[in-house]
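*Asks:* Turn this into a structure:
(chains A and B)
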Amino acid sequence: MGKPVKKRSVCDKVRKSSAHAQIKTNPFEVKINKKKFDVLGRKSKHDVGLPGVSRSKAHNKRKHTLLKEFRMKHKANSFIDRRFGEYDTKMAPEDKILQRFAMERQRDQVKKDMFNLNDEEELTHYGQSLAEMEKFTDGVDSESDSEEKGLLSAEITASHFGGGGGLLRKKTGEEEEAKNKTRQELLEELILKSKQEKRERQTQKEETHELTEKLDQEWKSIQNLLAHKTPREREEEKDKPKLDDYDMMVRELGFEMKAQPSEKLKNPEEIAREERERLQKLEEERRRRMEGEVEENPKDTHISADDLNDGFILDTDDRKTLSYQDGKWNIGEEEGEGGDDEEEENDDEGGGDDCDDDSGSGDEETDDDDDDDDDHSDLEDSRDDEGEEDDEKEEESIAEVKRTLSEEERKEIQDTAHSELPYTFTAPECYTDLKAMLQGHSADEQRLILERTKKCNHPSLAVGNKAKLQKLFGFLLEYVGELATHNPPQLTTINTLIPQIYSLSQLFPEAACQVMQSLIGDAAHTMEQSVEVKGRAAVPGLDMLISLKIATLLFPASDFRHPVTTPAFLYISQALTKCAVLSLESVSAGLILCCIAVECVSLSQRFIPELINYLLGLLHLAVPTHTCTDYHVVPPFRPQGKSSELLHVCDPQSAHSWTRRSISLSSADRVTATTERERDHYKLSVLYVCLDLVKRCTALYQQLPAYQHIFQPIRILLAKHLPVTDYPAALQELHKEILEVIPETPSQHTPLVFDKKKPIPLKLLQPKVVEVVDYGRKRGNTKAEKERERLKHKYKKEFKGALREIRKDTRFLAHTKLSDSLRRDAERKRKVKELYGSLATQEGEWKALKKRKRK
Amino acid sequence: MAPSKKHNVKKSASENSQTSYKQTINTKTELVLQSRKHANNIFDLLEYLQSEDEKEVVFAINACQKLFCELLERGELYVGQLPKEEEILQGDRDADEKYHIFIRHRYNSCVELLLENIGHESYQVKESALCAVMKFAAAEGKRPLQKQDWSQHYSFPKELTSGVVWGLLSEKEDMALLISRFQEYLEMDDVRYYVMNATRDNIHRVMDRNKRAEMRVYQNNVFTLLTNIAVPSQGSEITNFLVKQEGKYEDWKVAKLKEQKRAFELMWLTFLKYKLPMSMYKKVLVILHDSVLPHMSDPTLMIDFLTAAYNVGGAISLLALNGLFVLIHEHNLDYPEFYKKLYNLLDPSVFHVKYRARFFHLANIFLSSSHLPVYLVAAFIKRLSRLALTAPPTGLLIVLPFICNLIRRHPSCRVLIHRPSAADETCTDPYVMEEEDPALCHALESSLWEIKTLQNHYHPDVSKAAKSINQALPEPEDDIGKLLELSTFELMERDLKSQSQSVPLEFDSAVGLLQSPREVLGLHFSLE
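*Replies:* Residues are numbered from 1 along each chain as shown, chains lettered A, B, ... in the order given. The predicted model follows:
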C-alpha cells in the first residue's frame, strides 16, 4: 500500500476538530523534535509531532482499506447493484424512477440497423397505434377486388372439387336436355354462367355506388339547411373537391427529385457590392506590397492531399449567378465588370460581338439539328463543367441571334460558315507550331484559336496539359515579339491577343514570371555587353517595348519588390541611361519607355531619376543654341555635339499647321515623316508628349522633399532656353502650367531627425528565481550527473518509506489476525465453559435425583 | 638597295610552281652553302623575298635566315668597315676577302628587304621577317661584325633593333598583333634596353617631322609597344640576354636596373611630351599608376603631366586622380587645394562614366582621413547627395553607403541627418550648389533631404539603403568594395535568381495593349 492519501472522511474531520485543540495542548501527546541548528528564515514542518494522532490516523486508514481487503480475501463473489443511482443518496427516489424509465426508453430507441427505415418506433395515441389509425383513412376502393378473389361460388367449388358427382347429379335432373351435351359444352356453360354472375355483381355494385353518391348529393343539398354552419366553413366545404387536385400535385412533387438547397439569389446591388469588396481586398493587398511589408504567407490556402497542383480547383463555381432585372433574365449584365477571366471570355463569346461567333451560331442554326449536335459533341467531350457553361452561353447567344437576324443576314452567314474554324486545337509543341497555327488568320480568329486551344487543353483535362499551356505562354510572347518586328508592325493583332495572354498569366503566374524574367534578363544582358564592347547600346526595339508594356499589364508595378517588375524597371533605367539618342526613332522609343515608366509609378509615386534626366535631355535637344551652362544634361545626352539639335523645329511656320495627334507606336522603328513640314510636326508632337510627361511627373513628385531640386534643371531650361514662342498654343499652355507648378525658390522643410525610437525600458532589479528541485547539496558536476544523484537519492527515500509502510501493514495485519484468533478462542472457551456448565448442572441434577432416589 | 639582277628567275605560271619554288629555293640554298662557286644564287633567293606570293616570301625568308645564320656561324662575313661594292675590285684583296665582302653586301641587302617585309600586308610575312631579323641579331651578337677595339666593348646589333622598331612603329598601320608577338623578345633585357632607346629616338624624329601634330595610328602603335615593355622590379632578375657577352656583366649598362629604369622613364616622358588624342590620354591615365609609375626611376617627373591632366576636367581628371594619389601617397607630393579640386570634380556625370568604380574607390581613400575639417566632409556629403538625384540605381547603391560611411567617420557630420535642436523650424536648404569653395557652401547647416527623397526610389535596394539614415547609423562601416563594380545586369540578376518568392498578379484585367487603368502610353501613342 502506498502513502496515506490526503483525503479524509467526514467523520475523521469531526473527530479531529473536536480533539485537535485538546491534543495539541496535551504535553503527553506532543513530541518535540530537537533541532541541531536554528537556521534563520527556514520553516520546518516537522518541529512538533503528534505521534498518537498520526498513528491513529494511519490505523484508521488501514482499517478502511487494508482491513477491508483482508476480509474480502479468498471471497470471489460480490453483489453489485448496477441500477441507476442505486448508491446515490442525494437523489430523490422519484427522480431515480424517472431517470431509469427514460434510460430504458432510450435503450429501446437505439436502432439496430442504420439503414433500416421500417424499424421505427411505433407512435401511439391513447395507446392506439397511429399507423393503424392511418390505415383506416385509406379509401374504400380496393375492397371489391379482394372480396371477389376471396369468394368461391358454390357452383365452381362444386364443379371443381365435387368430382364427377355434381355433374352426374344434374344429369339426373335434366336428363333429357343434357343428354346430347358433351362434357365440353358443359364446361363452357359453366364458364358463361360464372361470367354472367360476375357481371351482375358488378352492375349491382355500381348501382349501389351510384345510389350512395346520389344520396350523398342529395344529402349535401339539404345539409346546409339542416346544420347550422358559419359561412367560412361552408367555403371550405366548397373547396374540398379542388383539394383533390392539390393532393395529387403534392404527391407528384413528392416523387420528383428533391431540389438542392442553393444560395440565395443575388440582386444586382449585392453583386456589385461583392465585386467592390473583392476589389477593395485586392487593392489593400497591393498597397501592402507597395509599402514593402513582407508577408510570407498571410493566408495559407489549404491544399488537399489529393491536389495534383495543376491549377484545377473544383469548388470554384464559375457558373454565372442567375439574376433578374425588371423581370427579365439578366444575361449579359456582368460583361466588363467580370472579375474572373474565364467568365469574362465567356461573356465575350456570349455577347456575340464578333463576327466569328455569329457565323458559328449561324452555322448551327441553318444546318440540321444533328449537325448542331455534332459540333458540340466534339467540344463537349473535351470541355469540363466550364465548357458546359460555355455551351449554355452559346445557346443563349444563338437565341439572341435568332431573334435579331434577318433573312439576308442569314444568307451572308451561310457563306461565312464555310470558312469556319475547327473547334479543337492541339497545344503547340514548339514555336513554329504556334506560328503555323496562327498564321493566315485574322486577328479575331487568332484570338479565338488561342481561346479554344486554351479550353481544349485545360489543365484539369489531362496530365500534360499544364506544361503545354505554360509553354504556350512563352511561345505567345515570342509570337508577339515577332509581330512587333514585322514591317509594318501588326499592333492591332497584338492588341487582340492581350486578353489571352492575360488569362494565361493568371492561370500560371510562375511560368509567366519565368518567361518574362528571361526575356528582360536576356535583353538587359545583351545591352550591357554591347555597352561594354562598343561603349554604347542600341535603343530597344519595338518588340522589347511591347513586351515591357505587357509586363506592366500582367504584373503589378507598384509592388515594393516584384520578381518581374523590378527587373523591368532596371531595364528601363538601363535603356534610358545607356542608349544614345541619335535619331527621331530613338527619341520615339525613349518616349515610349518614359510613358511606361510614368504609368508604372503613377500608383506608387516612386522616384525615377533616369526619367527626369531623360526628359531634360529630350527637351535639351529642342534648344537651338547650346552655350548655356546653368543646367547639366546627364548621359546619354551631351551638352553639345552631333545630333544635339535633333528636336529643333526648323520652320516656325509649321507650328500653325500642327494639330495634336497621337504618335504611332511603330515610329520607334521607323518615322514615316518625309517632308520637312512633317518632320517638324512630328517633333512638335514629341515635345508635347515630353511636356505632358513632365507635368505628370511634377504632379507625382510634388510631395518629395527635394521636389524643387529635382525639377530645377527642367525649369531653367523651360524658362530660359526653350524657344516656346515658336510653338503652337497647346504647347505654350502646357509650358506655362509646368512653370507655375515648379516653384523658383525651394520650399521649406524641417531638418532631418532620426525616427523616434521606443525608449528602452529601465532595468528592473528583480530577483533571479532559480528553481530548487531538492534541498541539500547533491554531488556530481554535470547537470546529468546531478540529476542522476538526485534521482538515486529520491529512490532511496521512497524505497525506505515504502518498506516502512509495508512493515506497518504487516504488523497491522498480524495484529488483526491475532486479535481475531484471540476472539475466536475466547468464544470457544466461553462456549466450552457453557457446555461444561450445562453438563455439570445436568450431572448435578442427575446426581441429586439419584440421591433422592436413594433416600 | 636593288642587287643587280643577273639571273632572272623564271616564274613558271603553271601549277607545279607550287612545289617547284620550294625545290629551287632549297637547292639554291644548299648550293650556296656547299661551295663558293654558287654564291650568285643568293641573288635568286633575294629575288624571292620580293615575290608577290606570300607563301613564297615566307619560304624565302626562312631559307635566307638559315643561309645567313649558317654563313655568320662560319664567319664568312666581312668584319669591320665595309668597303663599297664598287671598290671591291680596286683594292688588292685576295679572293677570300672579296668573297666575304660580297657576302656581307648580300647580307645587308637581305636585312634591308626583311625590314621592308615587316611592313608587308600579310601577317605571316611580317612575323617570319621579324623572327628572321631577331635570329640575325642573335647570330650577330655571337660574331660581331664590327671590329672590337678594346676588350671592354660590349657588342650588340643596335642597328637591327632600331630597324625593327622603325618597322613596328608604323605610321599607317595598326601593328598591335606584331607588337604582341615581339613581346617575347622584349623579355630579354638587352633587347628591351636597346628597343627603349630606339623607341625614344624614333618618337623624337617622327613627331618632329610631323610638327607635333596628333598621329592616331602611330601613337597607338607607340602606346602598344610601350605597354608591352615592363622593367623588372629587381636588379637580380636581369639575367635573360639575347647576346651573351664575354666581358663582365656588372659593368654593362644593360645589366643595371637603374639604367633600365632611366631608359624606360625617358621613353615615357618623350612619348607624353607630345600632344595626345583624348582617347589616348585616357588610356595612358588608366595604366599610368599601375604599370608606369612604379618602374620609373623618378616618378615625380610625372607631376607636370598629371597636374595638367587633372586640370583638364571631366573623365580625364578622374583618371589623373589615381596617378596623383600615388604621387601624394608615396612620393610626398604636396598638392595645393587638392580637395577643393576634388570637390569641383563632382558633377552629374560622375555617376555615368565608365571609371565610376575607380573614382569612388579613390574618393573613399582620400576622404578616409580623420583629420579632414568637418565643413569639407559635409560639403562632400551634401554635394554627393544632391548629385544622387540624377544617378542610376547602381550609382546610388555605391553613393548611399559611401555617404553613410562618411558620416560614421566624422560624427560631427551627423547633424546632416539628425538635427533635433531645430526640429520644428522649417527652412529652405541653405546649401549653395554653385559655390566652388567647400568652405563657403553652407553644407553643415543643411540636411540631407535628397536622401529622404531617395527613400521613395523605385528600386527596393536603393530605397532600403536610403532608409538607413532614419535611424542612428550602426557603428561598423559598410563595405563598398563589393558594390563598386556592380552592373545593372548583376543587380537585376538578384531579382531574377531568387525563385522562391510568390508572384503577385495584376488584378485589373487587361483588355488591350493600351487600355490599362492608368494609361499614359495610350494617350500619346496609337497602334497604327
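
*Asks:* can you give me the helices in the stretch 501-650 of chain A?
*Replies:* A:509-534, A:542-554, A:565-578, A:584-604, A:609-621 (DSSP state H, counting those that start in this stretch).

*Asks:* Look up the closest residue to the residue sitting nearest the centre point of chain B, ignoring the ones flanking it.
*Replies:* For chain B, the residue sitting closest to the mean C-alpha position, by CA atoms, centre = their mean, is B:Thr227 at 4.4 Å. Nearest non-adjacent residue to B:Thr227, counting by CB to CB, 6 or more residues apart in numbering or on different chains: B:Ile287, 6.3 Å away. Yep, even glycine has a C-beta here, placed from its N, CA and C like the rest.

*Asks:* helices and strands around the lengthiest helix in chain A, which ones?
*Replies:* Counting by DSSP state H, the longest helix found in chain A is helix A:783-854. Using 3 or more CB pairs under 8 Å, 6 or more residues apart in numbering or on different chains; DSSP states H and E as the contact test, the elements touching helix A:783-854 are helix A:51-64, helix A:66-71.

*Asks:* Residues contacting the last one, please?
*Replies:* By that I understand helix A:66-71. A:1, A:809, A:812-813, A:816 (CB atoms under 8 Å, 6 or more residues apart in numbering or on different chains).

*Asks:* one step back: columns distance to B:Glu434, mean pLDDT and mean neighbour count on top of the helices of the stretch 501-650 of chain A, output as a markdown table?
*Replies:* Below are the helices of the stretch 501-650 of chain A laid out as a markdown table (distance: least, CB to CB, whole Å; pLDDT from 0 to 100; neighbours: other CB atoms under 10 Å in any protein chain shown):
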| stretch | distance to B:Glu434 | mean pLDDT | mean neighbour count |
| --- | --- | --- | --- |
| helix A:509-534 | 32 | 89 | 18 |
| helix A:542-554 | 38 | 90 | 24 |
| helix A:565-578 | 25 | 91 | 26 |
| helix A:584-604 | 29 | 90 | 23 |
| helix A:609-621 | 18 | 90 | 25 |
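
*Asks:* Just put those in JSON lines and tack on distance to chain B.
*Replies:* Rendered in JSON lines, the data for the helices of the stretch 501-650 of chain A read as follows (distance: least, CB to the nearest CB, whole Å):
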{"stretch": "helix A:509-534", "distance to chain B": "4"}
{"stretch": "helix A:542-554", "distance to chain B": "4"}
{"stretch": "helix A:565-578", "distance to chain B": "5"}
{"stretch": "helix A:584-604", "distance to chain B": "4"}
{"stretch": "helix A:609-621", "distance to chain B": "5"}
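
*Asks:* what's the closest of those helices to A:Asn60?
*Replies:* helix A:509-534 (77.5 Å; CB to CB).

*Asks:* For the closest one, which helices and strands make contact with it?
*Replies:* helix A:465-485, helix A:542-554, helix A:565-578, helix B:488-497.

*Asks:* Ok, which of those comes nearest B:Val222?
*Replies:* For the helices and strands packed on helix A:509-534, proximity to B:Val222 was assessed by CB to CB; helix A:565-578 is nearest, at 32.3 Å.

*Asks:* A:Lys57: neighbouring residues, count only.
*Replies:* 15 (other CB atoms under 10 Å in any protein chain shown).

*Asks:* what's the distance between it and A:Val48?
*Replies:* 16 Å (CB to CB, to the nearest Å).

*Asks:* what's the residue nearest to A:Cys600 when sequence neighbours are not counted in contact with, if anything?
*Replies:* For A:Cys600, ignoring the flanking residues on the chain, the nearest one in space by CB to CB, 6+ apart is A:Ala557 at 3.7 Å. Shown in contact with A:Ala557 (CB under 8 Å, 6+ apart): A:565, A:568-569, A:599-601, A:603-604.

*Asks:* so which pair among these is furthest apart in space?
*Replies:* Farthest pair in the contacts of A:Ala557, by CB to CB: A:Ala568 and A:Leu603, 15.0 Å.

*Asks:* Which phi and psi values does A:Ile32 adopt?
*Replies:* A:Ile32 adopts backbone torsions of phi -100, psi 120, taken as degrees, to the nearest 10.

*Asks:* Test of understanding: give the bridge partners of it.
*Replies:* A:Val48 (DSSP bridges).

*Asks:* on that earlier part again, which parts of the helix or strand the residue nearest to the centre of chain B falls within are buried?
*Replies:* Taking DSSP states H and E as the criterion, B:Thr227 maps to helix B:216-228. Neighbour-count burial for helix B:216-228, counted by 16 or more other CB atoms under 10 Å in any protein chain shown, picks out B:218-228.

*Asks:* and of the residues you listed, the nearest to chain A?
*Replies:* Closest to chain A out of these is B:Asn220 (16.8 Å), distances taken as CB to the nearest CB.

*Asks:* That closest one contacts B:Glu173, correct?
*Replies:* No. At 10.2 Å, B:Asn220 does not count as touching B:Glu173 under the criterion of CB atoms under 8 Å.

*Asks:* one step back: quick one: mean pLDDT for the longest helix of chain A?
*Replies:* For helix A:783-854, the mean pLDDT works out to 93.

*Asks:* Likewise for stretch B:234-254?
*Replies:* Stretch B:234-254 comes out at a mean pLDDT of 66.

*Asks:* any weak-confidence spans in chain B?
*Replies:* For chain B, the stretches with pLDDT under 70 are B:1-19, B:76, B:78-83, B:85-93, B:143-155, B:212, B:235-239, B:242-255, B:499-501.

*Asks:* gap between the two ends of stretch A:555-572?
*Replies:* One end of stretch A:555-572 sits 16 Å from the other (CA to CA, to the nearest Å).

*Asks:* so how far is that stretch off the chain centroid?
*Replies:* 31 Å (CA atoms, centre = their mean, to the nearest Å).

*Asks:* One more: stretch A:539-550?
*Replies:* For stretch A:539-550, the distance to the chain centre is 40 Å (CA atoms, centre = their mean).

*Asks:* for stretch B:180-200, same thing?
*Replies:* With CA atoms, centre = their mean, you get 16 Å for stretch B:180-200.

*Asks:* any residues touching it, and which ones?
*Replies:* Contacts of stretch B:180-200 (CB under 8 Å, 6+ apart): B:127, B:130, B:134, B:137, B:156, B:158, B:161-162, B:164-166, B:168-169, B:222, B:224-226, B:228-229, B:231-232, B:238-243, B:253-255, B:259-260, B:263-264, B:266-267, B:270.

*Asks:* Please parse chain B into its domains.
*Replies:* Annotated domains of chain B cover B:22-147, B:150-275, B:347-419+B:429-498 [the TED database].

*Asks:* possible to save these as CSV with distance to A:Ser503?
*Replies:* Listed next are the domains of chain B as CSV, based on distance: least, CB to CB, whole Å:
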stretch, distance to A:Ser503
domain B:22-147, 60
domain B:150-275, 57
domain B:347-419+B:429-498, 25
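
*Asks:* between those, which gets nearest to A:Lys220?
*Replies:* Among these, the nearest to A:Lys220 by CB to CB is domain B:347-419+B:429-498 (91.5 Å).
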